[in-house]
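J.: Here is my input; please provide its structure:
(one chain, ligands or ions: 1)
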Amino acid sequence: MKYLVIIPDGAADQPQGSLGGRTPLEAAATPHMDAVVAQGVIASACHTPDQLPAGSEIGNLSLLGYDPFEHFTGRAPMEAAAQGIALGEGDWAVRCNLVTIDQVDGERVMKDFTADHITTEESTALLKTVQEQVASDPKWNGALEFVPGVSYRNLLIWRGDKLAAPFDGSTRSEAPHDWTDLPVANAHPRGPGADVLVELMDATCELFADHPVNKQRAAEGKGAATNVWLWGQGGAPTLEPFAQKFGPKGAMITAVDLLRGIAALVGWDRIEVEGATGYLDTDYAAKGRAAIDVLDKYDIVCVHVEAPDEASHEGRTDEKVKAIEQIDQHIVGPLLEALKSHGEWRVMISPDHPTFLSTKKHTHGNVPVTMAGAGIAPDACSAYGDANAAASELRFDQGWDAMRWFIQ
Ligand SMILES: O=C(O)[C@@H](CO)OP(=O)(O)O
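T.: This next block holds a predicted model:
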């Protein structure tokens, strides 16, 4: 049996006035996703339980069949795994965004959690400056390492054997993409070690103010990286290999380190695709082709696409609809066709969480899931969408149970 999982990140949403009262998934032309529903079932699943953050880190863990209450330690350790960074006992990883925070009416406001989509080269240069500063300060005892990732998505690694990390499971921090256009005064870390995170963030305001990277960006009319924003901290997670838990041997196609990291932690291979950007300009067709190319080699192939979530964070309804249509046309369609020559197969399509265009934020709540293929008796539904899923009798209130249902 071949299994295919397609994740349109953050695609679930509310009805939009500008879409005639339909949600983006309902307004988008998705003949191939609809064909999956027509051949199979539609269901509603909650991958982001109320007690945990409504983040992609929780949603995707659950989507792949892992109970986040048991396995989630923080987002950053998953991204560290993507970079092959091993975390020992006492080590912590912290997500380090480059952001733009501006003064608006006397308040510091999160203008852009991406620092105007700063390039990897620029973010690497900025982090080098931060690293030099912390490395020269004896109080950190060489425990802190700022690790460049891709664009605004970077990491801070804290080595516990050099200096005991001040955090514990009760330390709280906020994802900057949930604070767009909002004052950050209430978004600062709280609990053990929060003061250290704030100190490091504040120190970068000064380091970046006259940094050559920002001067160059200003000259090009681009937004500044005003400082780093630290969040998503955690220690090493342990995840049972997917093949051991469920059977199939898997591969992940994604442009973001979070999904690469989850894949690494569950023992999946990662397939890198040229032109996959994790943004609206991603090469959808290249991702579709890459998945087709590896169908022979793996039992389960997962294609994650970040674009619908990014469109939501920017509040761009048309772009969200377009991203969903591109996934349908360039990924779902060609893969359904290719599967015909691979014997028995099953397909699942599911977002990880809703991201509301109205708030530009992730939110708790259910997402529409469709599953079809060998041995799945069709229900009466024939269109993929949020309302159809909500009306379905098939529900996974613990979203992580859906994978067990899918792989039988
Ligand atoms: O990686 C991130 O910083 C965020 C936003 O880009 O991703 P997601 O919304 O999927 O959590």
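J.: How about this protein: which residue is closest to the ligand?
T.: Ser56 (3.5 Å; C-beta to the nearest ligand atom). All C-beta atoms are positioned from the backbone trio N, CA, C, and that covers glycine.
J.: tell me the phi and psi of that residue?
T.: The phi and psi torsions at Ser56 (degrees, to the nearest 10) take the values phi -60, psi -30.
J.: for Ile42, same thing?
T.: Here is the backbone geometry of Ile42 (degrees, to the nearest 10): phi -120, psi 140.
J.: residue contacts, it?
T.: The contact partners of Ile42, taken as C-beta atoms under 8 Å, 6 or more residues apart in numbering, are Pro368, Val369, Thr370, Asp379, Cys381, Tyr384, Asn388, Ala389, Ser392, Leu394.
J.: ok, now with 10 Å
T.: 36, 349, 368-372, 378-385, 388-392, 394 (C-beta atoms under 10 Å, 6 or more residues apart in numbering).
J.: where's Leu207, which helix or strand?
T.: Element membership of Leu207, judged by DSSP states H and E, is helix 194-209.
J.: now Asp318: how far from Asp281?
T.: Separation of Asp318 from Asp281 (C-beta to C-beta, to the nearest Å): 15 Å.
J.: hmm, back to that, which parts of the helix holding Leu207 are buried?
T.: Residues of helix 194-209 classed as buried by neighbour count (16 or more other C-beta atoms under 10 Å): Ala194, Val196, Leu197, Leu200, Met201, Ala203, Thr204, Phe208.
J.: Show me what that helix is packed up against.
T.: Where contact means 3 or more C-beta pairs under 10 Å, 6 or more residues apart in numbering; DSSP states H and E, helix 194-209 is packed against strand 92-104, helix 120-135, strand 144-150, strand 153-158, strand 227-234.
J.: Point to the residue nearest the middle of this protein.
T.: Centroid-nearest residue in the chain, with C-alpha atoms, centre = their mean: Ser56, separated by 4.2 Å.
J.: nearest spatial neighbour of that one, skipping sequence neighbours?
T.: Counting by C-beta to C-beta, 6 or more residues apart in numbering, the nearest residue to Ser56 once its immediate chain neighbours are dropped is Asp352, at 5.4 Å.
J.: The one you found: neighbouring residues, count only.
T.: Using other C-beta atoms under 10 Å, Asp352 has 32 neighbouring residues.
J.: Reduced to three states, what does it come out as?
T.: Following DSSP: H, G, I helix; E, B strand; the rest coil, Asp352 is assigned to coil.
J.: and it, what is it in contact with?
T.: Asp352 makes contacts with 7-12, 45, 47-48, 54-64, 258-259, 304, 309, 362, 367, 399, as judged by C-beta under 10 Å, 6+ apart.
J.: at 7 Å instead, please
T.: By C-beta atoms under 7 Å, 6 or more residues apart in numbering, the residues touching Asp352 are Ile7, Asp9, His47, Ser56, Gly59, Asn60, Leu63.
J.: State the distance from it to Ala135.
T.: 37 Å.
J.: Enumerate the residues of the stretch 101-250 of the chain near the ligand.
T.: For the stretch 101-250 of the chain, the residues in contact with the ligand (C-beta under 6 Å from any ligand atom) are Arg153, His177.
J.: pretty sure Gly65 contacts Gln398?
T.: No. Gly65 is beyond contact range of Gln398, at 10.5 Å (criterion: C-beta atoms under 7 Å).
J.: next structured bit after the helix or strand hosting Gly59?
T.: Here Gly59, judged by DSSP H and E, is contained in helix 56-63. Sequence-wise, the next helix or strand downstream of helix 56-63 (DSSP H and E) is helix 68-71.
J.: State the mean pLDDT of that following helix.
T.: Mean pLDDT, computed over helix 68-71, is 97.
J.: in it, what's buried?
T.: Pro68, His71.
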